[in-house]
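**Q** sequence plus predicted model, see below.
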Amino acid sequence: PSIVENEYQSTYLPKSQVGIAKSMIPINMSAATYGALDKVVDSIINGNWNDADGNKIDNIDDWVANRLEYTRDDLGKFFSPEQVDAIALGIYNHDNGRGIINADQTGQGKGRFVAAMMRFAKIEGSIPVFATYKPELFTDIYRDISEIGSLDYFQHPFTFNNADIRKFDNPNEVLFPKLKSIEHKNAIESGHLPENTDLVLITYSQLAKAADKSQKVRSFAHLMASRNATLFLDESHLAAGESLTGENVRTAVEDAQAVIYSSATPLKQVKHYGVYSRVFPKSVDIEKLPETLQKGGEALQEAISTAMAEDGVLVRRERDFSQVTFATLEPNGEQEIQIRETADQIAHVLSLMARLSSDVSADAHKMNEEFEAAFEKLPDASKSSSGRMRANSMNFGSRIYHLNRQFLLGSKIDMVAKHTIACIKNNTKPVIGV
């Protein structure tokens, strides 16, 4: 079906001319994104860029091909125009000391963008460090590397997980085997990777401990601080937030020579902004930004996203949503009666539990008074503030929300199952979100 503009999206108009764009762009980001790409073109025209034959470069395609050491024909063979535009923004930001967030929707080709920026990092003399959330994705990124004709650039990977990297076309065969245990252990403990290492891969789970309790975390920190490393954060939102993983990743972000982020949902919560410090100007106080955004609400958060797109550090393209319809499934009469009866039965049980909770709370308070009285009678030498006995009771009301969610989920199961079966019989593919 043809692409149709709608209330939320407009047709994406690429600067690259290697092919026909097939995606949409959020309307609130379109003008900002095009403005950022115009700045890239202006910098190319005003710069001193020449191709291999000495001809002046004046467009994005020739410039990206030149920076990635491709021919113009190879560029069109390996990438869509949307991908070329994103790569151009990534290189431009790298040249200006900024990172980039590729927030393209799933299926729009973020993998090839990441692989291209890895090739660029290698050409620039940097070692790419690829962080993701499961070891199986090491094979996926190598598939993307191969599909853009860059497998020769990365023949000596080192994985902190010490995992096999399997062939993308035959998972039963190994493309790059893991190191012998003693070799891997020596590399981690010494903090020195094998000399020929040209790509480092790690999962976020390897960074889930404090540095003083994990040799791997210390070795990774040493790598980021002492090597000319470009950090690639795949599904970067998973490395954000307040956790030991988030803390270790943020340290790596600060130490890396450059950072490339990839996530279709990068800025889901304001607390996630800390990990994206490298896309913001140095004048922005990253520590105070989440609090500021929280106070400013959705309007300020949307304004920040637009400003980031205008700077070229955030890019997003999507599939066409114009053909998507939304319908609410209502229970039929029989189902509604059954749900109401179940709700009444649950309400009766919950009311009894609420009464019991009140009694338990009162008993716990009484026990604590008795414990306190017994404690005061003890000799001072026997008293220990850390060893005082107390009885605690859980507030029953704090669990009502979760119980209600489980009930609502359970009440929909039969209805969803019937509609799913009907979809399959009609030769359509249902997707069930829980």
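**A** Sure thing, it's come through. Numbers count the residues shown, from 1 in each chain.
**Q** any regions of the stretch 101-250 of the chain where pLDDT drops low?
**A** Within the stretch 101-250 of the chain, no range satisfies pLDDT under 70.
**Q** strands of that one, residue ranges please.
**A** Along the stretch 101-250 of the chain, counting by DSSP state E, counting those that start in this stretch, strands occupy 127-132, 157-159, 165-167, 170-176, 199-203, 229-234.
**Q** which one of those lies closest to residue 366?
**A** strand 199-203 (50.5 Å; CB to CB). For glycine as for every other residue, the C-beta is placed from the backbone atoms N, C-alpha and C.
**Q** so what does that closest one touch, helix or strand wise?
**A** If you count contacts as 3 or more CB pairs under 8 Å, 6 or more residues apart in numbering; DSSP states H and E, strand 199-203 packs onto strand 127-132, strand 157-159.
**Q** residue 391 is in contact with residue 364, correct?
**A** Yes. Using CB atoms under 8 Å, residue 364 is in contact with residue 391, at 4.3 Å.
**Q** deepest-packed of the helices and strands packed on strand 199-203, please.
**A** Mean neighbours per residue, mean count of other CB atoms under 10 Å, is largest over those for strand 127-132, with a mean of 24.
**Q** note down every partner strand of that one and its orientation.
**A** Strand pairing for strand 127-132, determined by DSSP bridges: strand 199-203 (parallel), strand 229-234 (parallel).
**Q** quick one on the thing from earlier: next, format the helices and strands packed on strand 199-203 as JSON lines and append distance to residue 353.
**A** What follows is those, written out as JSON lines (distance: least, CB to CB, whole Å):
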{"stretch": "strand 127-132", "distance to residue 353": "44"}
{"stretch": "strand 157-159", "distance to residue 353": "50"}
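**Q** for residue 256, list the residues it contacts.
**A** Applying CB atoms under 8 Å, 6 or more residues apart in numbering to residue 256 gives the contacts 129, 224, 229-231, 278.
**Q** mind doing that once more with 7 Å?
**A** Contacts for residue 256 were tallied using CB atoms under 7 Å, 6 or more residues apart in numbering; they are 224, 229-231.
**Q** out of the strands paired with strand 127-132, nearest to residue 306?
**A** strand 229-234 (22.4 Å).
**Q** what's the spacing between residue 314 and residue 278?
**A** Residue 314 is 12 Å from residue 278, where distance means CB to CB, to the nearest Å.
**Q** more neighbours, these two?
**A** For residue 314 and residue 278, the more surrounded residue by other CB atoms under 10 Å is residue 314, and the numbers stand at 26 against 22.
**Q** surely residue 138 meets residue 163?
**A** Yes. The criterion here is CB atoms under 7 Å, and residue 138 meets it with residue 163 at 6.4 Å.
**Q** ok, those two, which is more surrounded?
**A** With neighbours defined as other CB under 10 Å, residue 138 and residue 163 compare such that residue 138 has more, 23 against 18.
**Q** how about the contacts made by that one?
**A** Neighbours of residue 138 in contact, by CB under 7 Å, 6+ apart: 159, 163, 165, 201.
**Q** at which residues are the helices of this protein located?
**A** For the chain, the helices defined by DSSP state H cover 27-46, 60-67, 72-78, 81-95, 110-123, 136-147, 181-190, 215-226, 244-255, 289-311, 333-376, 400-425.
**Q** want to throw those into CSV with distance to residue 14?
**A** Listed next are these as CSV, based on distance: least, CB to CB, whole Å:
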stretch, distance to residue 14
helix 27-46, 8
helix 60-67, 9
helix 72-78, 12
helix 81-95, 4
helix 110-123, 14
helix 136-147, 20
helix 181-190, 43
helix 215-226, 34
helix 244-255, 29
helix 289-311, 15
helix 333-376, 49
helix 400-425, 35
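**Q** out of those, which gets nearest to residue 271?
**A** Of all these, it is helix 289-311 that lies closest to residue 271, at 5.4 Å by CB to CB.
**Q** picking up where we left off before, residue 48 is nearest to which of the strands paired with strand 127-132?
**A** Between residue 48 and the strands paired with strand 127-132, the shortest gap by CB to CB is with strand 229-234, which sits at 24.3 Å.
**Q** what does the closest one contact?
**A** By CB under 7 Å, 6+ apart, the residues outside strand 229-234 that reach it are 114, 118, 121, 126-132, 137, 223-224, 239, 252-253, 256-262.
**Q** spatially nearest residue to residue 308 (excluding sequence neighbours)?
**A** Of all residues not flanking residue 308 in the chain, residue 314 sits nearest, at 3.8 Å (CB to CB, 6 or more residues apart in numbering).
**Q** do I have it right that the one you found meets residue 307?
**A** No. Residue 314 lies out of contact with residue 307 (CB under 7 Å); the separation is 8.9 Å.
**Q** OK, contacts around residue 178?
**A** Residues near residue 178 by CB under 7 Å, 6+ apart: 159, 162-164.
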